[in-house]
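Enquirer: below are the sequence and a predicted model; questions follow.
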Amino acid sequence: MLGKTQRELENDYYQIDIPRLLQIKDQVRAGELLQYLDVISLPHIIDDKAREEVLNRITAALPKPPPEPPKSAEEQYQAQLARMKGGR
């Protein structure tokens, strides 16, 4: 960006490959449709290996839960006591 005139920057901005953008958009849409088909067809899949692969793909796309906040020293001590007592 440094060393270019305003006109050069503006001309670079307008060189967008519209067919390539549409192709990328179509690929994203096709991926969404395939995920939708996986979800809908899951109850009808008989093969256990195929079902497991579909479930793994679906669960991999889900957001991960936030990490558990670190416990204080008192909480760690109480948890250790509970484990030592056998969970009573």
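Expert: Right, received. Where do you want to start?
Enquirer: what ranges do the helices span in the protein?
Expert: 6-13, 18-41, 48-61, 73-84 (DSSP state H).
Enquirer: kindly reformat these as a markdown table containing mean neighbour count and distance to Pro67.
Expert: Just so you know, the C-beta spots here come from the backbone N, C-alpha and C atoms, and that holds for glycine as well. As requested, those are arranged in a markdown table below (neighbours: other CB atoms under 10 Å; distance: least, CB to CB, whole Å):
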| stretch | mean neighbour count | distance to Pro67 |
| --- | --- | --- |
| helix 6-13 | 10 | 41 |
| helix 18-41 | 10 | 27 |
| helix 48-61 | 11 | 18 |
| helix 73-84 | 10 | 16 |
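Enquirer: output those helices as a markdown table; include the columns mean pLDDT.
Expert: Shown next, in a markdown table, are the helices of the chain (pLDDT from 0 to 100):
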| stretch | mean pLDDT |
| --- | --- |
| helix 6-13 | 69 |
| helix 18-41 | 85 |
| helix 48-61 | 88 |
| helix 73-84 | 92 |
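Enquirer: show me the residue at the heart of this structure, geometrically.
Expert: Ala61 (4.1 Å; CA atoms, centre = their mean).
Enquirer: tell me how far that one lies from Leu55.
Expert: 11 Å (CB to CB, to the nearest Å).
Enquirer: for Val54, give me its contacts.
Expert: Contact analysis of Val54 by CB atoms under 8 Å, 6 or more residues apart in numbering lists 38, 41-42, 45.
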